[in-house]
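Participant: take this sequence and fold it.
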Amino acid sequence: MLYDVTIDGRNYRLDLNHADGRWSCRLDGRDLEVDAILTRPDVLSLRIGNLAYEVKSERVANDLHLWVGSTRFAVEIRDPRSLRGRTRAGDDRGPRKITAPMPGKVVRLLVHSGDKVEPGAGVAVVEAMKMQNEIKSPKRGTIQKILVDEGVTVNAGDVLAIVE
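Facilitator: The predicted structure follows:
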């Protein structure tokens, strides 16, 4: 099962498979040793390598939150093969800010002001902790403004561009 997962604004590709009573897990192309047990509804006991976690899920209106210990994460899970993962038409209205999900350095801009973009199209590449993360457009539209230059350092939440 292949999923696109966004956790606090950062995108991941998760490939989960269950066979012979064991899970195999690839996260962004890396194999992980994972054991998971559903201990009660909405609570998962998770072991990744030698570390154990208790993960609780909570739905608030249309938002999904995961609690790992006392830390809450906003999560969006999309099955790319499913219509459920597609953006609803009402979500495309008005300008949307494209923000940096983490502090880092803008290493490449993939669009210019005035460019047309589709949902999920790359807008910029931000390097954080020696990993390059492509920041994507949340909607179809036109890039109204690029607010950063290549080489600048950004903080989490800084606006990189506006798409309308």
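Participant: list the buried ones in the worst-scoring helix or strand of the chain on mean pLDDT?
Facilitator: One helix or strand of the chain scores below all others by mean pLDDT, DSSP states H and E: strand 22-27, with a mean of 81. The neighbour-count check on strand 22-27 (16 or more other CB atoms under 10 Å) flags Cys25 as buried. Heads up, the C-betas are built off the backbone N, CA and C, glycines and all.
Participant: pull up the pairing partners for it, direction included.
Facilitator: Here strand 22-27 has these sheet partners by DSSP bridges: strand 10-19 (antiparallel), strand 30-32 (antiparallel).
Participant: kindly reformat those as TSV containing distance to Arg108 and mean pLDDT.
Facilitator: Below are those laid out as TSV (distance: least, CB to CB, whole Å; pLDDT from 0 to 100):
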stretch	distance to Arg108	mean pLDDT
strand 10-19	16	84
strand 30-32	23	87
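Participant: so which of those is nearest Met131?
Facilitator: strand 10-19 (10.2 Å; CB to CB).
Participant: figure out how far the closest one is from the centre of its chain.
Facilitator: 12 Å (CA atoms, centre = their mean, to the nearest Å).
Participant: same question, stretch 102-117
Facilitator: With CA atoms, centre = their mean, you get 17 Å for stretch 102-117.
Participant: give me the distance between the two termini of that stretch.
Facilitator: One end of stretch 102-117 sits 22 Å from the other (CA to CA, to the nearest Å).
Participant: also stretch 27-37?
Facilitator: Start-to-end, stretch 27-37 (CA to CA) is 19 Å.
Participant: in that stretch, what counts as buried?
Facilitator: Ala36.
Participant: hmm, who's touching it?
Facilitator: 12-15, 22-26, 44-49 (CB atoms under 8 Å, 6 or more residues apart in numbering).
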